[in-house]
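Asks: Whatever this is, show me its structure:
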Amino acid sequence: MNLTEHLPGKKISIISVNYNQPAVTRQLLDSIFTTNTYSNVEIIIVDNGSSENFIPIWKERYPQVKFIHSEVNLGFAGGNNLGIGAADGDYLFLVNNDTEFTSGLLETLVGTFQEFPDTGIVCPKINYFDQPNKIQYIGFTELTSITARNQCLGQFEDDKGQYDNRISITAFAHGAAMMVSRKACQRAGLMAENFFLYYEEMDWSLNIRKAGFKIRVNTAAQIYHKESVSVGADSPLKIYYMNRNRILLVRKHFVFYKQVLFCIYFGLIVFPRNFLQFLFRGKLKHISAMCRAIYWNLSNSTDSFQ
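Replies: Numbering: from 1, shown residues only. Next up, the predicted model:
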């Protein structure tokens, strides 16, 4: 693929974060170079405190890619923010390293901003990589007042083209693949790095919406996602951040009475249910992770980095 040919116009910065997954990141890069025909693009890979420095090897294979090395793991938000700081694109396409591109992806997404100037973020349709005919995401509903849960639209449905070629407003972007305008970043700020992992794109989506932008999904664009490669499908690390950041999101964005309702729901239903489930399965580390998530919120402010 020649990055200097094809469509002129706005520059897109593709940003992805690697953490101890060099083979997965290499597969992402290969998919970009195999499928992409958008000309005005730069690719930035942030190595986020991996145990080994893979950049010298990557530079030999991908000399046209910009690589950034962080000595420490900054989390999903921090790693992406580091990449954004080094980017000069008009649009920033943040993609998980466990995704693979399809043809026309960038052209279709950037065209959404041109058609709808109030767009702050646009996401493609996301399908599961290991089941390419299964949909993962075509949008999110709003969070409910009590449970702070929402629905991922289309998830697990067979993809028969029933949602193709639609542009719709969604409540939240999907962190696996989201193109954001630089103007939205400037108004709403970057992702909150104290989320570290999970829910940061929901917090960011709410901030971008508060700044006056819309979040859209364009299902004419598609990407494939290898779910939970980095932290495992059901690891204690995932349990900790999913619970900690769910509570943190409520503290940051819910009005007081909704926070009270959520605390009642979480304390009387969610915690006892999950505690018993983990106990019966012998997953004591998961119980510890859940308890630490609650303690963090009891002992830290919403902007704490501890």
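Asks: show me where pLDDT drops low in the stretch 1-150 of the chain?
Replies: Scanning the stretch 1-150 of the chain for pLDDT under 70 picks out 1-8.
Asks: Helices of that one, start to end?
Replies: For the stretch 1-150 of the chain, helices defined by DSSP state H, counting those that start in this stretch occupy the ranges 22-35, 55-61, 75-86, 105-115.
Asks: need the ones you listed in JSON lines with distance to Ile208 and mean neighbour count, can you?
Replies: In this view, the C-beta of every residue, glycine as well, is placed from N, C-alpha and C. Shown next, in JSON lines, are the helices of the stretch 1-150 of the chain (distance: least, Cβ to Cβ, whole Å; neighbours: other Cβ atoms under 10 Å):
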{"stretch": "helix 22-35", "distance to Ile208": "25", "mean neighbour count": "17"}
{"stretch": "helix 55-61", "distance to Ile208": "31", "mean neighbour count": "13"}
{"stretch": "helix 75-86", "distance to Ile208": "14", "mean neighbour count": "22"}
{"stretch": "helix 105-115", "distance to Ile208": "13", "mean neighbour count": "21"}
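Asks: Output these in TSV; the columns should cover distance to Met202.
Replies: Putting these into TSV (distance: least, Cβ to Cβ, whole Å) gives the following:
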stretch	distance to Met202
helix 22-35	23
helix 55-61	31
helix 75-86	11
helix 105-115	20
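Asks: who wins for proximity to Leu249 among the ones you listed?
Replies: For Leu249, the closest of those is helix 75-86, at 12.8 Å, according to Cβ to Cβ.
Asks: which stretches of the stretch 1-150 of the chain form strands?
Replies: With strands called from DSSP state E, counting those that start in this stretch, the stretch 1-150 of the chain shows them at 12-18, 41-48, 66-70, 91-95, 99-100, 119-128, 135-137.
Asks: Same check on the stretch 151-300 of the chain?
Replies: Taking DSSP E, counting those that start in this stretch, the strands of the stretch 151-300 of the chain run over residues 167-169, 177-181, 214-225.
Asks: List the buried residues in the longest one.
Replies: Of the residues in strand 214-225, those scored as buried under the neighbour-count criterion (16 or more other Cβ atoms under 10 Å) are 214-225.
Asks: of the residues you listed, closest to Ser205?
Replies: Using Cβ to Cβ, Ile215 comes nearest to Ser205 of the buried residues of strand 214-225, at 5.7 Å.
Asks: Show the contacting residues for the residue nearest to that closest one when sequence neighbours are not counted.
Replies: Spatially, and ignoring its direct neighbours in sequence, Ile215 is nearest to Ile121 (4.7 Å; Cβ to Cβ, 6 or more residues apart in numbering). With Cβ atoms under 8 Å, 6 or more residues apart in numbering as the criterion, the residues that contact Ile121 are 173, 178-181, 184, 205, 208, 213, 215-216.
Asks: how about the residues you listed in a markdown table, adding pLDDT and distance to Phe262?
Replies: Output for those, formatted as a markdown table (pLDDT from 0 to 100; distance: Cβ to Cβ, whole Å):
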| residue | pLDDT | distance to Phe262 |
| --- | --- | --- |
| Ala173 | 98 | 22 |
| Met178 | 98 | 26 |
| Met179 | 98 | 31 |
| Val180 | 98 | 28 |
| Ser181 | 98 | 32 |
| Ala184 | 98 | 28 |
| Ser205 | 98 | 19 |
| Ile208 | 98 | 23 |
| Phe213 | 98 | 26 |
| Ile215 | 98 | 23 |
| Arg216 | 98 | 28 |
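Asks: For the residue nearest to Ile215, name its beta-bridge partners.
Replies: Per DSSP bridges, the residues bridged to Ile121 are Val180, Ile215.
Asks: Return the alpha-carbon coordinates of stretch 251-266 using CSV.
Replies: C-alpha atoms of stretch 251-266 as CSV (Å, rounded to 0.1, in the frame of the first residue of the first chain):
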residue,chain,number,x,y,z
ARG,A,251,-19.8,9.5,40.8
LYS,A,252,-18.7,11.7,38.0
HIS,A,253,-21.8,12.0,35.9
PHE,A,254,-24.9,11.0,37.9
VAL,A,255,-26.8,13.6,39.9
PHE,A,256,-26.9,13.0,43.7
TYR,A,257,-30.2,11.1,44.0
LYS,A,258,-29.2,8.8,41.1
GLN,A,259,-25.9,8.1,42.9
VAL,A,260,-27.9,7.1,46.0
LEU,A,261,-30.2,4.8,44.0
PHE,A,262,-27.2,3.2,42.3
CYS,A,263,-25.4,2.6,45.7
ILE,A,264,-28.5,0.9,47.0
TYR,A,265,-28.8,-1.3,43.9
PHE,A,266,-25.1,-2.1,43.9
